[in-house]
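**Q** Just the structure for this:
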Amino acid sequence: MKKFITVTAAAAVLAVGASGGAVAGSLITSAQIENDTVASVDIKDRTIKPRDLSPRTKAFIKRKAGKNGANGVNGANGANGAPGAPGAPGAPGQDGSAAGVQSNFTTFGNAEIVDANTVRLSHDAPDGSAVQIENLNLAVQQGDEVTFTYRLAGGAVYGGGVPRVYLEINGQFFNTFDGGPFGGIDPNGPGGVDNGDGTFTRTVTIPTNGRIGQAGVVVDSGPGTITVSNLVVSDTPIKFM
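**A** A predicted model of the protein is given here:
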């Protein structure tokens, strides 16, 4: 008898019985099973385990097993995520330059800030009047220019200190009517370019390199009122507020 599958485990559970009869008192052995009489239908599904198979049958099953398939292709890249939130602002520079040119001017005496570009002054106060700032924070170079436009009213006459702009550069104070530091300007000379509309524009040259700290527009003496506007220092418009 030529066998590929050992059925001992299956045969061990077979017993002879009949309706109303007694179960056989002993197990049926393989010697008592006639060849080609046990079929697949006689064996309960899932009762034969790998341990019940012969080595030859196990080797046969292993040879028939399929090989691993090739790896699949990579999937497409996903869409980019949404941009992250903006980072916090960086700290200002240590030299203070991040603050920029300042505009926190204050008034003294009979001075008034009309708007960001214009101030009005008179000498009615005992010590004159001024619009000034403690730290303009503006770097300048020798040869840069200072320009401003003024209008006289109420009997005011242009002269030394009527009006004037002063700048503190590296601890030294310079005035736009000074004869020396700003290039030999005659304080009693012409008051600038006549614009033909009742205003005059004055231009002077900055005498040194440095950074402007204190600055101001002043009227020292005389009657009437003087309106000063469009102050520009080293190509930088100065704002009074």
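**Q** Mean confidence (pLDDT) on stretch 81-93, please.
**A** Computed over stretch 81-93, the mean pLDDT rounds to 66.
**Q** brain fart, stretch 129-146
**A** Mean predicted confidence for stretch 129-146 is 95.
**Q** Number the residues from 52 up from this point.
**A** OK, 52 is where the count begins now, so the last one is stretch 180-197.
**Q** Can you point out the buried residues in that stretch?
**A** 180-184, 186-189, 191, 195, 197 (16 or more other C-beta atoms under 10 Å). Any C-beta I mention is one placed from the backbone N, CA and C, and that applies to glycine too.
**Q** so what's Arg171 up against?
**A** 162-163, 165, 276-279 (C-beta atoms under 8 Å, 6 or more residues apart in numbering).
**Q** Ala204 too?
**A** 275-278 are the contacts of Ala204 under C-beta under 8 Å, 6+ apart.
**Q** Most neighbours among these, which one?
**A** Ile277 (24 neighbours; other C-beta atoms under 10 Å).
**Q** Any chance of the contacts of Arg171 in CSV with pLDDT and distance to Asn260 as columns?
**A** Shown next, in CSV, are these (pLDDT from 0 to 100; distance: C-beta to C-beta, whole Å):
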residue, pLDDT, distance to Asn260
Ala162, 94, 30
Glu163, 95, 34
Val165, 97, 32
Thr276, 93, 35
Ile277, 95, 30
Thr278, 97, 32
Val279, 97, 26
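**Q** Looking at those, spot the one nearest Asp103.
**A** Of all the contacts of Arg171, Asp103 sits closest to Val165, with 109.2 Å by C-beta to C-beta.
**Q** which helices and strands does the top helix by length along the chain pack with?
**A** Counting by DSSP state H, the longest helix found in the chain is helix 106-115. Counting contacts by 3 or more C-beta pairs under 8 Å, 6 or more residues apart in numbering; DSSP states H and E, helix 106-115 is packed against no other helix or strand.
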